[in-house]
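Novice: any chance you could fold what I've pasted below:
(one chain, ligands or ions: 1)
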Amino acid sequence: METMTNPILASLPENFRAVVIGASGGIGSALCALLERQPDIGDLVQLSRSRNGFDLLDESTIEAAAGALGDRPIHLLICATGVLTVDDRPPEKSIRQIDPGVMLRQFQINAIGPAIVAKHFLPRLDRQSRSVAAFLSARVGSIGDNRLGGWISYRSAKAALNQIVRTASIEVTRTHPHAAVIAIHPGTVRTKLSDPYAKRHSAVSAGQAANQILQTLDAVQVERSGSLLAYDGRGISW
Ligand SMILES: NC(=O)c1ccc[n+]([C@@H]2O[C@H](COP(=O)([O-])OP(=O)(O)OC[C@H]3O[C@@H](n4cnc5c(N)ncnc54)[C@H](OP(=O)(O)O)[C@@H]3O)[C@@H](O)[C@H]2O)c1
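Specialist: Sure thing, here's the model as predicted:
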């Protein structure tokens, strides 16, 4: 018999509806594995490019996936998509390596795609009860925290994502007073995305990261909507 985990998302309504975008990714799949075992979950919608054709580069696939959700509102939305390496080109070490095509793709996948997700999915958050929407960002997208330089396309695309989340959160508050919309840094996590770089840092497993992220999302108050948070709930400067 499968063992039930302790409930992490006690702040969400009973039978809550969760949607994970990027469910095929390292962090996305670990989030889904944990969510599936939550006693109060009503349904879990898992969307990804490789399994459902949900492509951040094609708005029609995003709109169709949102439309297929029907009328039942979302209580937990997590957008766990993203790229660090584009076309086998590692992130830049110097401004001399900037390639407009690579930079454009970084913005398309890490910023514009999630903005289109916000457009089609945030209006579907529950208006009557608590809901949380989180977009996976990165500490390196913080301008105030940038002391090392490098990775200019990824950093700036994530900075744009942070502004997109902040702007969307203000609008959502007007129609969904119980919703918290945040950007979240998952920590350094062992996944395909981080594989070439994580060895130099202490990295956690995707399961550990998912657990911490869900605990932070459970605790986040509506007053913190529009924030950039770390996996442990601490704020990160813009
Ligand atoms: N791992 C870390 O240490 C770390 C650190 C800081 C921030 N983050 C952020 O955390 C998030 C998740 O990263 P991860 O480590 O789990 O990466 P991952 O294992 O490489 O997963 C990336 C996910 O993004 C999806 N994706 C990529 N391009 C897409 C597109 N065009 N359309 C739709 N989906 C697309 C992939 O879908 P398919 O597999 O279906 O193609 C996959 O589900 C990212 O935003 C990343 O920037 C990660």
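
Novice: which residues sit in contact with the closest residue to residue 16 other than its chain neighbours?
Specialist: Residue nearest to residue 16 in three dimensions, not counting chain neighbours: residue 75, with 3.8 Å by C-beta to C-beta, 6 or more residues apart in numbering. To be clear about C-beta, it is placed using only N, CA and C from the backbone, and glycine gets the same treatment. Residues counted as contacts of residue 75 (C-beta atoms under 8 Å, 6 or more residues apart in numbering) are 12-13, 16-18, 125-126, 129-132.

Novice: Throw those residues into a markdown table and include neighbour count and pLDDT, thanks.
Specialist: Formatted as a markdown table, the entries for the contacts of residue 75 read as follows, by neighbours: other C-beta atoms under 10 Å; pLDDT from 0 to 100:
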| residue | neighbour count | pLDDT |
| --- | --- | --- |
| 12 | 24 | 97 |
| 13 | 17 | 96 |
| 16 | 24 | 98 |
| 17 | 22 | 98 |
| 18 | 24 | 98 |
| 125 | 25 | 98 |
| 126 | 19 | 98 |
| 129 | 15 | 96 |
| 130 | 19 | 98 |
| 131 | 26 | 98 |
| 132 | 28 | 98 |
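
Novice: quick one: which of the residues you listed is nearest the ligand?
Specialist: Minimum separation from the ligand among the contacts of residue 75 (C-beta to the nearest ligand atom) is found for residue 18, which lies at 15.8 Å.

Novice: that closest one against residue 35, yeah?
Specialist: Yes. When contacts are counted by C-beta atoms under 8 Å, residue 18 is listed as touching residue 35 (5.2 Å).

Novice: low-confidence regions, this protein specifically.
Specialist: Within the chain, the stretches falling below the threshold (pLDDT under 70) are 1-6, 198, 200.

Novice: beyond the longest helix seen in it, next helix or strand please.
Specialist: Longest helix of the chain, by residue count under DSSP state H: helix 152-175. Using DSSP states H and E, the helix or strand that directly follows helix 152-175 along the chain is strand 179-185.
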